[in-house]
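Asks: make a model of this:
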Amino acid sequence: DGTKLTDVDMTDAAAVQENIKIIEKGIQCTLNQLLVTGVVHADPHGANLLKVSTDKGQKLCYLDFGILATIPQQVRDGLVCSVSHLVFAQDTEAVASLFGELQLLPDQVINNPIERAALTESLSITFNECLVYAEKKTTDAQGSTTTTTTTSIPILKFDKLLDALVRLVPRFQFKLPPYFINNARAMSTLEGIARTLDPSFNVFEGMYVCMYLPLL
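Replies: Now for the predicted structure:
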């Protein structure tokens, strides 16, 4: 027996924090499947993720392993590199170049300079919509204020990311394997639950550590 992660008394701060910790574990589990083991639960919606009581405390429980997917090592490595280029360098051209390794685009798009340029431009627009970086304001001796984005971990808007992917698929002949959609949906579900409990929750902060463990 267990309870849904949304079934919590919002007036009980301790219970809310407990569920957020379990959601963070769910994010780690999802990314560990995606990047480390390469074997993923292919239907990770809210009803398949429960909080259960054990003799070691409250734990996360996955249900329904009827559908699994496997992810090639080349794709796992490409995902880590893509996030590195995107988050820290904001280099959409490098990300576009890696889409071949991620097995998301046909060769006629990857090897066509015009299509590559169009893809890079489209990705720039998409990531500007999906990633929100903190801003830093500085004032010089003359009193002029300059606003710049920081290199901190951005907030990722999964709903906008999924909407953008739907628009880009037909234009660039994207080939989205089921595990991409399923894991994006899982992360969006977990983020939605967490932000219901804590509006300041940033799913990318939890993703950051998991993304870089394969590099260590």
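
Asks: so after the worst-scoring helix or strand of the chain on mean pLDDT, what's the next helix or strand?
Replies: Lowest on mean pLDDT, DSSP states H and E among the helices and strands of the chain sits strand 145-149, with a mean of 56. Using DSSP states H and E, the next helix or strand after strand 145-149 towards the C-terminus is strand 155-156.

Asks: starting at the chain centroid, how far to that following strand?
Replies: 8 Å (CA atoms, centre = their mean, to the nearest Å).

Asks: what is the helix or strand following it packed up against?
Replies: Downstream of strand 155-156, the first helix or strand assigned by DSSP H and E is helix 158-172. In terms of contacts (3 or more CB pairs under 8 Å, 6 or more residues apart in numbering; DSSP states H and E), helix 158-172 is packed against helix 113-130, helix 178-197. Using the backbone N, CA and C atoms, a C-beta is placed for each residue, glycine as well.

Asks: nearest to D77, of these?
Replies: helix 178-197 (15.1 Å; CB to CB).

Asks: coming back round to it: next, format the helices and strands packed on helix 158-172 as a markdown table and append mean pLDDT.
Replies: Below are the helices and strands packed on helix 158-172 laid out as a markdown table (pLDDT from 0 to 100):
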| stretch | mean pLDDT |
| --- | --- |
| helix 113-130 | 86 |
| helix 178-197 | 77 |
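
Asks: lovely, talk soon.
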